[in-house]
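Peer 1: quick one, structure for this:
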Amino acid sequence: MPSKVAYTWIARISAFIWGFAFIHLFKYILDNIYPFWSGAVSLSFFAYLMIFIVWVSYSLFFYFHPYRNKLPGILYHTIFTINALIFFFGIVNIGEKNYLNLYPLLFTFQLLIYFFFISSIFPSLLPFRISVLAGILPGLITYPYIGNIYIDIFLPAVVYLMPIGIFSISKVTFSNSQQRMLPLRQSIDMLRYLFMGLSFYGIFDVYRERFYITVFILATGPVLSYFFFLTDKKKHHIKYGIFLLAIAFIFSAGIYSQLAMTYWSAISFCVLTVWEGIYFKKVVEGDLKREQILSGIALVLVILLYMISPEWIAIISGLIVFIIQSYILNYIAKGYRKTISLLFAISLLTWAIVIFTSYLSSYKRDFLAHQKTLDINPPPSLKVLNLIKDKNTILATNLFPESAAESFSKETGVQILSVDVHSSTFLSTIQNIAIHHPGAIQLYTLENLNPYNKLNGEKYIFKFTNSHKINSVYIYDYNFPDKYHDAANVFSLNDTPNIDPLSIELWFSFTSKLSNWYLLNKYDEFALKVMKEISAWYDTPALNRQIAHIYGILGETQNELNHLQKIYEKGQSNTEDKNLLLELNFLTGNTSRAEQLCDELILLDSENIIAYQEWKYKIIKRQSNRFKLESLANTLRYMGDNLPPDKISQKNDLLRRIQQDIQSTPQWEEIYKKEKNRQENIAYPE
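Peer 2: Residues are numbered from 1 along each chain as shown. This next block holds a predicted model:
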């Protein structure tokens, strides 16, 4: 019978293989499952949810002991076996990529259950966690021949069925025993788990460049702790440990504002882990009830912090550290020298200063993080509307916003069914529409549908529709705006009937609603695109006004002016159009045109004559024309007092300002005299 040493080495090798298989499975989930959910959550948040599954599996192990208790063990292994067999049968029968892309929800559900059970092995490997870590680290590196289905999915199943030596040696049990200095240890554990959680913030996506450095720092803590456990047999007095702990907190405060949050939290985790390994001789962790509770609290807290902006996360995490330090100070102040208490007081003061400094630089920032929203598809060519032959035709599509299409359908009876599709349910949505709306034309863009918008993604869609006998499903590609296609054919939108039997006014009504929706949701360029396209068929004053309005929002003054001028030249301008033209010409420096419009408006809108005289005053002042200014002053003087009292007050105020301008500009007097003299000496031929 093999000796205990042999069993130990078998267990260590098994732990190494488990670590290698586990990290490959974790990477496989992030690389292949996450794309289907990328429209809803960030990659780092998704990774935290995976870690939460590991924590649940880890904690349940200590309640059920599936490798030592008969009934829970049978239940565990039965569920794992049934799920794994169905899962592997699907992969082998139709292929991994087909299974993933054709049935993403089922594939995700089965893979997460599989991942849950693979994670449940870890508690039995706690005595060999350095071996686990040694397997995880090389697994993080991508090798050209290792990343395949056999390593990523099948190897973890082999590891799950490898209890040789591991479970006969590992005596990890759920422990709730009393330990010395429990309040201090609880505080340190809480901080360590919090720091570890914070160190993973964003390193899978936003701060991807920090990933390897952060992981290296985190791995250094357990490795050094285990090294001191093996080499340092001396029992150290906790008094010196608490003294060093206070210095460690001061050091952590020093790097708080100097390093990125991922780095200072990883370094703090490493320091506290090594400190605990030296002064409490702790290497194995997670077998205590308090550790599971504290790690769970820290994990949930970090997940909640994802709803907050990074600046405020740093502030809140600093406050948590401050509060826990205050608790430690209250605990140790009763039994230790004043020097240690003073050091902790200095640490608290240091933390208060750095937190307050961080607050001063961040309090004006938004508290909540900008939540990831589903991307809006750009507007397609309006020729796709020609696919609707009559009011009995249903067009199901994700090309248009739901509210605009729904409002238009209710008012007109034209059936545009706007479909809010997500990658994980896309194919089931196609099937559902085919069942509830037989004969509907389904036209989709894959623009924001990961992973179907990748190379060869379309083939899985058409393979699904063919196998389920679903017809009239087409793909629209923005690179070819006048075409759409199915699995075998490409169709031209130019070949579809021109608007008839529905009138162009009907499409203008829809594009107006579409444009208003884009404007309301700050997609101004999309609004402009649809209005400019419809203008090729439907050139009306109302359309030109809308296009001019959108150009105004975009700050394109000259284009705004051009469209209003087009209305004016056709004799279709109203008073509001001319007012806007007056303002735009003045802004662009065309004062003569602005003056002309101002004179027109004085004749058209006598009720607002003082307002237009005010405009004329601005125009003439910019022209620096003394004669016109004198003329305007005379006009105001002869206007009479038959105006309403408020208009008389405005007129007198304007006249006073004109006179002040004339008197305060001496060079005008010189120009005036020269011009007058020139006119008096003009010699006309006999």
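
Peer 1: tell me where the model's unsure across the stretch 501-650 of the chain.
Peer 2: Scanning the stretch 501-650 of the chain for pLDDT under 70 picks out 501-505, 640-642.

Peer 1: ok, which stretches of it are helices?
Peer 2: Using DSSP state H, counting those that start in this stretch, the helices of the stretch 501-650 of the chain run over residues 504-520, 524-535, 541-554, 557-569, 575-587, 591-604, 609-623, 626-637, 645-663.

Peer 1: so how far is the third one from its chain's centroid?
Peer 2: When you say that, I think you mean helix 541-554. Remark: helix 541-554 is offset 31 Å from the chain centroid, using Cα atoms, centre = their mean, to the nearest Å.

Peer 1: tell me where this protein has strands.
Peer 2: Listed in chain order, the strands of the chain (DSSP state E) span 394-397, 415-418, 441-445, 473-476, 483-485, 490-492.

Peer 1: to residue 361, which of those lies closest?
Peer 2: Nearest to residue 361, of all these, is strand 441-445, at 42.4 Å by Cβ to Cβ. The C-beta positions use only the backbone N, C-alpha and C, and glycine is treated the same way.

Peer 1: so what touches the closest one?
Peer 2: 377, 380, 384, 387-388, 393-399, 419, 421, 426, 430, 433-434, 472-478, 484 (Cβ atoms under 8 Å, 6 or more residues apart in numbering).

Peer 1: I'd say residue 358 and residue 315 touch.
Peer 2: Yes - the criterion here is Cβ atoms under 8 Å, and residue 358 meets it with residue 315 at 5.4 Å.

Peer 1: which one of those two has more residues nearby?
Peer 2: residue 315 (21 against 17; other Cβ atoms under 10 Å).

Peer 1: who's in contact with the more buried one?
Peer 2: 355, 358, 359, 362.

Peer 1: what about the first one, distance to residue 567?
Peer 2: Here the distance between residue 355 and residue 567 works out to 60 Å (Cβ to Cβ, to the nearest Å).

Peer 1: likewise the third one?
Peer 2: Residue 359 sits at a distance of 54 Å from residue 567 (criterion: Cβ to Cβ).

Peer 1: what's the answer for the second one, then?
Peer 2: When distances are taken as Cβ to Cβ, residue 358 and residue 567 turn out to be 55 Å apart.

Peer 1: what do you get for the last one?
Peer 2: Shown here: residue 362 relative to residue 567, a distance of 49 Å by Cβ to Cβ.

Peer 1: more neighbours: these two, which one.
Peer 2: residue 567 (21 against 17).

Peer 1: wait, that one touches residue 578, no?
Peer 2: No - look at residue 567 against residue 578 with Cβ under 8 Å: they stay out of range, at 9.6 Å.

Peer 1: in the stretch 1-150 of the chain, what spans have low per-residue confidence?
Peer 2: For the stretch 1-150 of the chain, the stretches flagged by pLDDT under 70 are 1-7, 62-73, 142-149.

Peer 1: just checking, residue 476 touches residue 400?
Peer 2: No - assessed by Cβ under 8 Å, residue 476 is found out of contact with residue 400, at 11.4 Å.

Peer 1: who has more neighbours out of the two?
Peer 2: It is residue 400, of residue 476 and residue 400, that has more neighbours when counted by other Cβ under 10 Å, with 25 against 22.

Peer 1: okay, the more buried one and residue 601: tell me how far apart.
Peer 2: Taking Cβ to Cβ as the measure, residue 400 falls 40 Å from residue 601.

Peer 1: cool, residue 546 as well?
Peer 2: 23 Å.

Peer 1: ok, residue 653 next?
Peer 2: 20 Å.

Peer 1: do residue 194 as well
Peer 2: Separation of residue 194 from residue 601 (Cβ to Cβ) stands at 68 Å.

Peer 1: neighbour-wise, which of those two wins?
Peer 2: Set residue 194 next to residue 601 and count neighbours by other Cβ under 10 Å: residue 194 wins out with 25 against 21.

Peer 1: contacts only, for that one.
Peer 2: With Cβ under 8 Å, 6+ apart, residue 194 has these contacts: 265, 298, 301, 302, 317, 320, 321.

Peer 1: show me where pLDDT drops low in the stretch 201-350 of the chain?
Peer 2: Regions of the stretch 201-350 of the chain meeting the criterion pLDDT under 70 cover residues 281-290, 335-337.

Peer 1: if you set the cut-off to 80 instead, what comes out?
Peer 2: 226, 229-230, 232-237, 280-295, 305-306, 333-338 (pLDDT under 80).

Peer 1: tell me where it has helices.
Peer 2: Using DSSP H, counting those that start in this stretch, helices in the stretch 201-350 of the chain cover 211-231, 238-256, 261-279, 289-305, 310-332, 338-362.

Peer 1: and the longest one, what does it pack onto?
Peer 2: Just to be clear, that refers to helix 338-362. On a contact count with 3 or more Cβ pairs under 8 Å, 6 or more residues apart in numbering; DSSP states H and E, helix 338-362 meets helix 238-256, helix 310-332.

Peer 1: in the first one, what counts as buried?
Peer 2: Translated: helix 238-256. 238, 241-246, 248-253, 256 (16 or more other Cβ atoms under 10 Å).

Peer 1: report the angle between it and helix 310-332.
Peer 2: 160 degrees (axes from the mean of the first three to the mean of the last three Cα atoms, to 10 degrees).

Peer 1: residue 128 touches residue 12, doesn't it?
Peer 2: Yes - applying Cβ under 8 Å, one finds residue 128 in contact with residue 12, separated by 5.1 Å.

Peer 1: can you show me the helices along the stretch 51-200 of the chain?
Peer 2: So, for the stretch 51-200 of the chain - with DSSP H, counting those that start in this stretch - the helices run 70-94, 96-102, 104-119, 129-139, 149, 155-160, 166-169, 182-199.

Peer 1: with distance to residue 48 added, can I get those in TSV?
Peer 2: Output for those, formatted as TSV (distance: least, Cβ to Cβ, whole Å):
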stretch	distance to residue 48
helix 70-94	24
helix 96-102	23
helix 104-119	14
helix 129-139	17
helix 149	26
helix 155-160	21
helix 166-169	28
helix 182-199	8
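
Peer 1: among the ones you listed, which comes closest to residue 458?
Peer 2: Nearest of the helices of the stretch 51-200 of the chain (Cβ to Cβ): helix 96-102, 10.5 Å.

Peer 1: show me what the closest one is packed against.
Peer 2: helix 70-94, helix 457-467.

Peer 1: that helix: how far from the chain's middle?
Peer 2: 27 Å.

Peer 1: buried sites along that helix?
Peer 2: Judged by neighbour count (16+ other Cβ under 10 Å), helix 96-102 contains these buried residues: 96, 98, 99, 100, 101, 102.

Peer 1: pick the one among these closest to residue 74.
Peer 2: Among the buried residues of helix 96-102, and counting by Cβ to Cβ, the member closest to residue 74 is residue 99, at 28.5 Å.

Peer 1: contact partners for that closest one?
Peer 2: Residue 99 neighbours (Cβ under 8 Å, 6+ apart): 90, 91, 107.
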